[in-house]
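Asks: Fold the following and give me the result.
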Amino acid sequence: MSIILLTLLCGGPMLHAQVGPAERILKERARGVTNDVSQRSANPNYTPPAKGRPATPTPPAAAPAAVRPPELTDAQRKAVRQLRQHLDAIALGKEQAPAQTLAQDLMQAASGPRTPGLTQLTALAGDLAVAWPAQKWAQEQQNQFIEGLVHLLNSGLSPAAAQAVLRQVETLLEKSGIPAADARRLAGSLKQLAQAR
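Replies: Residues are numbered from 1 along each chain as shown. Alright, predicted model coming up:
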C-alpha cells in the first residue's frame, strides 16, 4: 500500500507537468476560436487569417458625407427677409389676407427651371398661414425653417439636398408647438415640394 502511495506522490507532479502544456495549448486554441467567432460576428466582412499569419483588421466603412444645400443666393436671401416680415405680421394678427400674401411671397421665392405650380404654392401658403401663429420657435429656429422653405422652393436643388432640407424642416416642426394636425398638413405640403425634383 505504501508503495502505491509513494508511486502516486512521485508520479503526480510528472503527470501534472505532462498535462499542463496540453491544457495550456487547449486553452489557447479555445481562446483563439472565441476571438475568431467574436470578430466574425462583429464584422460581416471578416475573413479568417491564413495559418501562421496574424489577422489584419478590416477598415471601417467610410461614413457618407453629410449633404448640405448650397448657400442662399442674394435673391433667395431677399425672399427669406420678405417671408419673415409677412410671417411676423401674421403672428401679430396684422395681415388681412395672410394666405394670399404668403402665396405671392412663395411665388417670388420659387426659383429654378421647374418652379412649383400656383395651386401647390397656394395650398402651402394656406397651411403656413394657419400654422405660423401657433409656433413657439426661438428666432434662430424660425430663420432655419424659413431658409429651409426657400431651399425647397428651389427646383434646381439636388434630390439628396432636398431630402436633407426636408428632414431638417420636419425635425423643426416636431418641436414647433404647432397643433399636430396643422403640423402634419404643413409637413405634407413641404414633402410634395421636396419630391417635385
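Asks: Helices of this structure, residue ranges please.
Replies: For the chain, the helices defined by DSSP state H cover 2-42, 74-91, 98-109, 118-131, 139-152, 159-174, 180-195.
Asks: Which of these sits closest to V67?
Replies: With C-beta to C-beta as the measure, helix 159-174 is the member of the helices of the chain nearest V67 (4.4 Å). (Each C-beta comes from the backbone N, C-alpha and C, glycine too.)
Asks: what is the mean pLDDT for the closest one?
Replies: For helix 159-174, mean pLDDT rounds to 93.
Asks: Send over it as CSV, restricted to the C-alpha atoms.
Replies: C-alpha atoms of helix 159-174 as CSV (Å, rounded to 0.1, in the frame of the first residue of the first chain):
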residue,chain,number,x,y,z
PRO,A,159,-32.8,65.3,-54.7
ALA,A,160,-30.3,64.4,-51.9
ALA,A,161,-30.1,68.0,-50.7
ALA,A,162,-33.9,68.4,-50.9
GLN,A,163,-34.3,65.3,-48.7
ALA,A,164,-31.7,66.7,-46.2
VAL,A,165,-33.5,70.0,-46.0
LEU,A,166,-36.9,68.2,-45.6
ARG,A,167,-35.5,66.2,-42.7
GLN,A,168,-34.3,69.4,-41.0
VAL,A,169,-37.6,71.1,-41.5
GLU,A,170,-39.6,68.1,-40.3
THR,A,171,-37.4,68.0,-37.1
LEU,A,172,-38.1,71.7,-36.5
LEU,A,173,-41.9,71.0,-37.0
GLU,A,174,-41.8,68.3,-34.3
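Asks: helices and strands around it, which ones?
Replies: helix 139-152, helix 180-195 (3 or more C-beta pairs under 8 Å, 6 or more residues apart in numbering; DSSP states H and E).
Asks: What number of residues are in the vicinity of the spatially closest residue to S155 that is not a sequence neighbour?
Replies: In space, and not counting its chain neighbours, S155 is closest to G112: 3.3 Å by C-beta to C-beta, 6 or more residues apart in numbering. Each residue near G112 was counted by other C-beta atoms under 10 Å, and the total is 12.
Asks: residues touching G112, list them.
Replies: N154, S155, G156, L157 (C-beta atoms under 8 Å, 6 or more residues apart in numbering).
Asks: Got the confidence number for it?
Replies: G112 is given a pLDDT of 82.
Asks: Brilliant, that's me finished.
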